[in-house]
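Visitor: I would like to see how this sequence folds:
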Amino acid sequence: MTTPAATPTPASATTPATPAPAATPASAGGSEARLRSGELRAMVAKVLADAGADLTPRTIAHTLNRSSGAVGNACKVLADRGEAEVASSAPLAYRATATTAAVAASTITPAPPRTPRPKTPKPTTSAPTAAPTAAPARSGVGGSATGAVGVVTGPVKRPNGMDYHPRLLSGMPDVTALRRLRDAGVAALLYGPPGTGKTSVVEAAFPDCITVQGDGDTVVADFVGDYTKTPDGEFVFVHGPLIRAMREGVALFIDDATLIPPTVLAVVYPAMDGRRQIVIKAAGGEVVDAAPGFYVIAGHNPGVHGAVLTDALSSRFSVQVRVSSDYALADQLGVDKKAVRVARNLATRQDKGEIGWAPQLRELLAFKKIAAVLGIDAAVGNLVGIAPEEDRATVAAVVRDAFGRTVAPLALGARITAKP
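Guide: Next up, the predicted model:
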């Protein structure tokens, strides 16, 4: 629940006038609720297509007056679909591809203003049992009042419509384990190479989670929110993903958390500890309390340049789970068996420290799609080509042994000439 400062400071010239409480609930849901499915992604595509240059999610968010976290998610989806591409990883930036313009919106929908929720007075009652009744639901980080979590027995549908196939974690399905950790108030950190399924399991366990896509450009405002100018020239404070997750009592997933500057990430810590409360300095000291069910889970890619797991961050996550690729699932999903064998071989070499890269589940699923579109030779050549240069010779040798032929990275050939 949000408790605005009792006495706003009128001295600040930029502080907007407090809106009438009766109108506030209509806009409390935030600008994201006003967009249709896929609309933000189309607007992000338009910005990329129009710019013709490399842009960070924060730059795009500033252009659209939208949350950097939501824009980061949209950029990631566009890249996964081949409708944009990652231009650099530090800082994370994207650029348009040949297909970006085709999926771009024709116009940009202005971000509507969002105003703080009105202060709800605490109920006055003489019943001595009222306070103890609510206490258990607010315990720990999760504070879920949903009761015992049942065991998942089959595939779980993710928000994007794809099935997630649970894996075992401490003798139970990982989805069940994460939900129980949330109920117990135990924050979890999932770590492992990119493409192993960290985001997938989080979305399967918490389909209503709110995601912050971390990078080196992430700032405090990307978590708590910032002032934005409305079409009529007024400035209102638009609350960020951390505040929305706290108010709604849902999970907050901080992806690539270790790429975020430690001084920025520290804004989340008071919401994770016993206080379960933060103060938004930029909003005149507004106090925000976490609703029951609020939970923080994070992702960490140890091999990514710039990813640093500090002691302060590590100490906030009592459970840290290593996530590796499920190569058996790749087999089950119909990925070429030779490609899976190559991935297993390279993963073994990576564990021994012989190489630094191995194809993960994401690369294997891409292999299947490429083979279906361009043929198996193109998919094999691409597998060699996406390997880092320092590991490419080893990858090419393993591919040669598995497929029985020498394979060069996928590349353009000779120019096609018209026949006379």
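
Visitor: surely A87 is in a strand?
Guide: Yes. According to DSSP: H, G, I helix; E, B strand; the rest coil, A87 belongs to a strand.

Visitor: am I right that V47 is in a helix?
Guide: Yes. V47: assigned to a helix according to three-state DSSP.

Visitor: the nearest residue in space to V319 that is not next to it in sequence - how many residues pack around it?
Guide: Excluding the flanking residues, the one nearest V319 by Cβ to Cβ, 6 or more residues apart in numbering is A188, at 4.5 Å. For glycine as for every other residue, the C-beta is placed from the backbone atoms N, C-alpha and C. Residues near A188, counting by other Cβ atoms under 10 Å, number 22.

Visitor: and T218, by the same measure?
Guide: 27.

Visitor: for A221, same thing?
Guide: Using other Cβ under 10 Å: A221 sits among 18 other residues.

Visitor: which residues does the closest residue to it other than its chain neighbours contact?
Guide: Distances taken as Cβ to Cβ, 6+ apart put G240 closest to A221, at 6.7 Å, once the chain neighbours are dropped. Counting by Cβ atoms under 8 Å, 6 or more residues apart in numbering, G240 touches 67, 69, 221-226.

Visitor: and G240, how far from A61?
Guide: 11 Å (Cβ to Cβ, to the nearest Å).

Visitor: what sits in contact with each of those two?
Guide: 67, 222.

Visitor: and A418, what pLDDT?
Guide: Predicted confidence (pLDDT) for A418: 85.

Visitor: distance of it relative to L412?
Guide: In terms of Cβ to Cβ, A418 sits 18 Å off from L412.

Visitor: repeat for V44
Guide: In terms of Cβ to Cβ, V44 sits 29 Å off from L412.

Visitor: more neighbours, those two?
Guide: V44 (33 against 5).

Visitor: these two touch, right, the more buried one and V71?
Guide: Yes. With contacts counted by Cβ atoms under 8 Å, V44 reaches V71, the gap being 5.8 Å.

Visitor: what do those two both touch?
Guide: Common neighbours of V44 and V71 (Cβ under 8 Å, 6+ apart) are 60, 64.

Visitor: tell me the secondary structure for A105?
Guide: coil.

Visitor: excluding chain neighbours, what is closest to it?
Guide: Computed as Cβ to Cβ, 6+ apart, the closest residue to A105 that is not its neighbour in sequence is A42, at 3.8 Å.

Visitor: quick check, the one you found in a helix?
Guide: Yes. Counting by three-state DSSP, one finds A42 located in a helix.

Visitor: quick check: it touching A101?
Guide: No. Using Cβ under 8 Å, A42 is not in contact with A101, being 10.9 Å away.

Visitor: so the two - more neighbours on which side?
Guide: It is A42, of A42 and A101, that has more neighbours when counted by other Cβ under 10 Å, with 20 against 14.

Visitor: the more buried one: what's it in contact with?
Guide: A42 touches 103-105, counting by Cβ under 8 Å, 6+ apart.

Visitor: hang on, the earlier thing: can you redo the contacts of G240 as CSV with secondary structure and pLDDT?
Guide: Shown next, in CSV, are these (DSSP: H, G, I helix; E, B strand; the rest coil; pLDDT from 0 to 100):
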residue, secondary structure, pLDDT
S67, coil, 72
G69, helix, 69
A221, helix, 95
D222, helix, 96
F223, helix, 97
V224, helix, 96
G225, strand, 95
D226, strand, 94
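
Visitor: quick check: the two most widely separated of those?
Guide: G69 and D226 (12.4 Å; Cβ to Cβ).

Visitor: tell me which of the two has more neighbours.
Guide: G69 (27 against 21).

Visitor: hang on, the earlier thing: who does the residue nearest to V319 form a beta bridge with?
Guide: With beta bridges defined as DSSP bridges, A188 has these partners: I297, V319.

Visitor: next secondary structure element downstream of the helix or strand bottoming out on mean pLDDT in the chain?
Guide: When each helix and strand of the chain is scored by mean pLDDT, DSSP states H and E, helix 130-134 comes last, with a mean of 35. Per DSSP states H and E, helix 130-134 leads on to strand 156-157 as the next helix or strand towards the C-terminus.

Visitor: please consider this matter closed, and thank you.
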